[in-house]
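One predicted model, sequence on top.
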Amino acid sequence: MPMLKDPSRKYRKFPAMNLPNRQWPARTLDVAPRWLSTDLRDGNQSLPDPMTFEEKKVYFRKLCDLGFKEIEVSFPSASQIDFDFTRFAVETAPDDVYIQVLSPCRPELIKRTIESLKGAKKAIVHIYLATSDCFRNVVFGLSKEESLELATSCAKLVRSLTKDDPEMAATEWLFEFSPETFSDTNPDYVLEVCEAVKQAWSPTEEQPIIFNLPATVEMSTPNTYADQIEYFSTRISNRETVCISLHPHNDRGCAVAAAELGQLAGADRIEGCLFGNGERTGNVDLVTLALNLYTQGIYPNLDFSDINSVIDIVEKSNKIPVHPRAPYGGQLVVCAFSGSHQDAIKKGFKQHEESKSEIWEMPYLPLDPQDIGRTYEAIIRVNSQSGKGGASWIILRNLELDLPRGLQIAFSRVVQQETENVQRELHNDEIIQLFRSQYHVYETPKKEDVELVDYTQLNASKNSRVLEVILSVKGATVESKGEGNGPISAFTDALRKAFGCNLVVKKYQEHSLGKDSDSKAVSYIECGVTGPSGVVQDIWGVGIHEDVSQASFLSLISVINSAIEKKILT
Ligand SMILES: CC(=O)SCCNC(=O)CCNC(=O)[C@H](O)C(C)(C)COP(=O)(O)OP(=O)(O)OC[C@H]1O[C@@H](n2cnc3c(N)ncnc32)[C@H](O)[C@@H]1OP(=O)(O)O
Ligand SMILES: CC(C)C(=O)C(=O)O
């Protein structure tokens, strides 16, 4: 059935909140929230293949290593594996980690759930009951009063089995209630239910009750969710005894925005999953939220310094790949293929390194990839959309050769042609090989190349040099003597005589390679080469050697080899 031309016949627009004096738009995010990972519950329950016990163990340990202090580990009444894993978590959790478990408002399931927590150091019993008209009428067949009574009686039951039970006194008990479908519930009714639940639990400032306010299905724009949170946060009584927790889902693709605006609106805590796993389109992505804070200069209290290890566990446990363009963790998010981006990033890195500034101001890169354990190598990749900056970046990062602008342009044309030949991305090793081949910068020279065998420098006078040069040309020894006002001009003269050509040096640049005693010199030279046929071509050459003069001679040899390859010289 095609899309309706008038969808309002089938879909209702979500009503806006009437909150004229909303305060959240004027606020900023300045602190990290309390985080709750529900990867092992909401994330796990939504998987086609739920995690194995072993996978849950690995995931749980990673969550603890990342710094989570509240982890929803299971729905214990769902299965023996969930119950048993809860026992594992109870027995192995670090002392400062709260183990959270979920139960519906069904007394027999609540009892089973609390049984799974026996002996826990710190535990959060989380019960939920949908409160929207739709769920109350369609799923439960309960009136508003009956739903409120069910939630309240279950809160009392949890209390009687936990903090009021002397045999359970060894555990620090926290209590969480989720009015499931909060974001689709009448704001005043949800307050009424929560007030009754709060009275039944009797929280304190030291141990506040957690009201987890889910956008169980994301149905509105993020600003409406923020309004709902501010409305609740400013009207719940004894606010100091309440922790407001967010649990956004991503059905409209706005979970991160909803979570951030919900924090502005007064929330203290956020429940979500790493890289946005979870029911349907997922829970809110905690990695994005945390690193969004980090790139604003706020430490998130979660440590993603080795994000690749997180991606590895998330992908293996969920059997779902992290999207290549997932913020911060996607394989493509630090990659620039397009020429103007590459040019800007290359210039940005040069400026950043020269300025020695700590502040990260990098074109197109909001986060320094190294902060999350990613290398710079993957930042720039080359395809037919790339420009001179891409290839020269790869040569710089891999060979430490800082190519002159003219050589960058010349080499980018070689690379461009190759990307069009192969019609795909060129990998770093292919670009490096292309450079070595194009400019005869080999570890071991090709046998058909002209080689410099030896040279002797005679100082004819103060401003004149004479060079006696010995070359290997197609395996034969060729000797030539050149004269000039310096080593380069004398060597150029020797080459002119050896190859019967005109060789005019147009550009020359050099720099050192490496920083310690065995550093080398690299020379770049552009020459106008005129062969016997009279054809003139500007050719770049590159030479690397411990001795700076010999490096420049080798760059001239590189020009000659290119001229022979181009059949300008024979
Ligand atoms: C938004 C969320 O993600 S909430 C979490 C959802 N997660 C899960 O459900 C995963 C684990 N669940 C399970 O393993 C099973 O549902 C169990 C074991 C808990 C219960 O199984 P069953 O007894 O077969 O019930 P079933 O799965 O059909 O659940 C629906 C029943 O629970 C009731 N129910 C659903 N949610 C709630 C709730 N929050 N409080 C009380 N009752 C509820 C429904 O009204 C229905 O009752 P009915 O059968 O009398 O009509
Ligand atoms: C149980 C609640 C918190 C939930 O998962 C949801 O509403 O999405």
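Done, it's in. Computed from a predicted structure; not experimentally measured. Ligands and ions are numbered 1, 2, ... in the order given.

any residues touching stretch 194-212, and which ones?
Applying C-beta atoms under 8 Å, 6 or more residues apart in numbering, the set of residues contacting stretch 194-212 from outside is 124, 126, 128, 148, 151-153, 155-156, 158-159, 172-179, 232, 236-238, 240-247, 269, 271. C-beta: built from backbone N, CA, C; applies to glycine.

Among the residues you listed, which ones lie close to ligand 2?
Restricting the contacts of stretch 194-212 to those near ligand 2 by C-beta under 6 Å from any ligand atom leaves 128, 178, 247.

Residue numbers of the stretch 251-400 of the chain in contact with ligand 1?
E279.

which residues in the stretch 251-400 of the chain form helices?
Across the stretch 251-400 of the chain, reading from the start of the chain, the helices by DSSP state H, counting those that start in this stretch fall at 255-264, 286-294, 307-318, 339-355, 388-399.

Give me the buried positions along stretch 72-92.
Neighbour-count burial for stretch 72-92, with 16 or more other C-beta atoms under 10 Å as criterion, is recorded at 72-78, 81-83, 85-87, 89-90.

Let me fix that, I meant to ask about stretch 428-435.
Residues of stretch 428-435 classed as buried: 428, 430-432, 434-435 (neighbour count, 16+ other C-beta under 10 Å).

List just the nearest of those residues to ligand 1.
Proximity of the buried residues of stretch 428-435 to ligand 1 was ranked by C-beta to the nearest ligand atom; the top entry is N428 with 44.6 Å.

ok, the closest one - contacts?
If you count contacts by C-beta under 8 Å, 6+ apart, then N428 has 377, 394, 398 around it.

Ok, D251 next?
Listed by C-beta under 8 Å, 6+ apart, the contact set of D251 reads 217-219, 280-281.

restrict the ones next to ligand 2 among the contacts of stretch 194-212 to those near ligand 1?
Restricting those to contacts with ligand 1 (C-beta under 6 Å from any ligand atom) yields Y128.

Please report how far E451 lies from ligand 2.
Counting by C-beta to the nearest ligand atom, to the nearest Å, the separation of E451 from ligand 2 is 71 Å.

err, Q433, not the other one
To ligand 2, Q433 is 52 Å away according to C-beta to the nearest ligand atom.

In three-state terms, label that residue for me.
With DSSP: H, G, I helix; E, B strand; the rest coil as the basis, Q433 sits in helix.

Could you find the closest non-adjacent residue to Y524?
For Y524, ignoring the flanking residues on the chain, the nearest one in space by C-beta to C-beta, 6 or more residues apart in numbering is Q509 at 4.7 Å.

Sheet partners, orientation included, of the one helix or strand that neighbour maps to?
Under the criterion DSSP states H and E, the helix or strand holding Q509 is strand 502-513. Within its sheet, and counting by DSSP bridges, strand 502-513 is paired with strand 520-530 (antiparallel).

mind listing what the helix or strand following the partner strand pairs with, with the direction of each?
Next in sequence after strand 520-530, counting helices and strands by DSSP H and E, comes strand 536-545. Each strand pairing with strand 536-545, determined using DSSP bridges, is listed with its direction: strand 520-530 (antiparallel).

Let me know whether stretch 82-96 sits next to ligand 1.
No - between stretch 82-96 and ligand 1, judged by C-beta under 6 Å from any ligand atom, nothing touches; the nearest distance is 7.8 Å.

thinking again about what came up before, which among the contacts of N428 gets closest to ligand 2?
Nearest to ligand 2 among these, with distances taken as C-beta to the nearest ligand atom, is E377, at 39.7 Å.

circling back: can you tell me which of the buried residues of stretch 72-92 are up against ligand 2?
Checking the buried residues of stretch 72-92 against ligand 2 by C-beta under 6 Å from any ligand atom, not one of them is in range.

what does the lowest-mean-pLDDT helix or strand in the chain rub up against?
The least trusted helix or strand in the chain, going by mean pLDDT, DSSP states H and E, turns out to be strand 451-461, with a mean of 87. With C-beta under 8 Å, 6+ apart as the contact definition, strand 451-461 has outside contacts at 445, 465-472, 477, 483, 487, 490-491, 549-550, 553-554, 557.

again with stretch 490-505
For stretch 490-505, contacts defined as C-beta under 8 Å, 6+ apart pick out 455, 457, 465-469, 471, 473, 478, 480-484, 488-489, 525-532, 552-553, 556-557, 559-560, 563, 568-569.

on that earlier part again, just put the contacts of D251 in CSV and tack on pLDDT and neighbour count.
Output for the contacts of D251, formatted as CSV (pLDDT from 0 to 100; neighbours: other C-beta atoms under 10 Å):
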residue, pLDDT, neighbour count
V217, 98, 16
E218, 98, 24
M219, 97, 17
R280, 96, 11
T281, 97, 14
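
Let me have the residues you listed in CSV, extended by distance to R405.
Rendered in CSV, the data for those read as follows (distance: C-beta to C-beta, whole Å):
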residue, distance to R405
V217, 55
E218, 50
M219, 55
R280, 52
T281, 47
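
Sheet partners, orientation included, of the least confident helix or strand of the chain?
Strand pairing for strand 451-461, using DSSP bridges, gives strand 464-473 (antiparallel).

Enumerate the positions of the strand it pairs with that are buried.
Using 16+ other C-beta under 10 Å as the burial criterion, the residues of strand 464-473 that qualify are 465-467, 469, 471-473.

what sits up against it?
For strand 464-473, the surrounding residues in contact (C-beta under 8 Å, 6+ apart) are 450-460, 477-487, 489-491, 493-495, 498, 557.

Now list the buried members of these.
Among these, those scoring as buried are 450-452, 455, 478, 480, 482, 484, 487, 489-491, 493-495, 498, 557 (criterion: 16+ other C-beta under 10 Å).

Now name the helix or strand holding D402.
According to DSSP H and E, D402 maps onto no helix or strand at all.

So it is in contact with L513, correct?
No - between D402 and L513 there is no contact under C-beta atoms under 8 Å: 9.5 Å.

returning to that earlier point: and the ones next to ligand 2 among the contacts of stretch 194-212, which is closest to ligand 1?
The shortest distance between ligand 1 and any of these, using C-beta to the nearest ligand atom, involves Y128 and amounts to 4.8 Å.

Please report the distance of that closest one from I81.
21 Å (C-beta to C-beta, to the nearest Å).

Same check on G272?
As it turns out, when the distance is counted by C-beta to C-beta, G272 lies 23 Å from I81.

before we move on, what about E425?
Relative to I81, E425 is positioned 43 Å away (C-beta to C-beta).

isn't D42 right next to G282, touching?
No - under the criterion of C-beta under 8 Å, D42 is not in contact with G282, lying 9.0 Å apart.

Between these two, which contacts overlap?
Overlap between the neighbourhoods of D42 and G282 consists of C273, taking contacts as C-beta under 8 Å, 6+ apart.

ok, which stretches of the stretch 101-250 of the chain are helices?
Counting by DSSP H, counting those that start in this stretch, the stretch 101-250 of the chain forms helices over residues 107-115, 133-135, 144-161, 187-201, 222-233, given from the N-terminal end onward.

Of the ones you listed, flag the one that's most buried.
When you average the neighbours per residue for each of the helices of the stretch 101-250 of the chain (mean count of other C-beta atoms under 10 Å), helix 222-233 leads with a mean of 23.

Could you list every helix and strand in contact with that helix?
Applying 3 or more C-beta pairs under 8 Å, 6 or more residues apart in numbering; DSSP states H and E, one finds that helix 222-233 contacts helix 187-201, strand 209-215, strand 242-248, helix 255-264.
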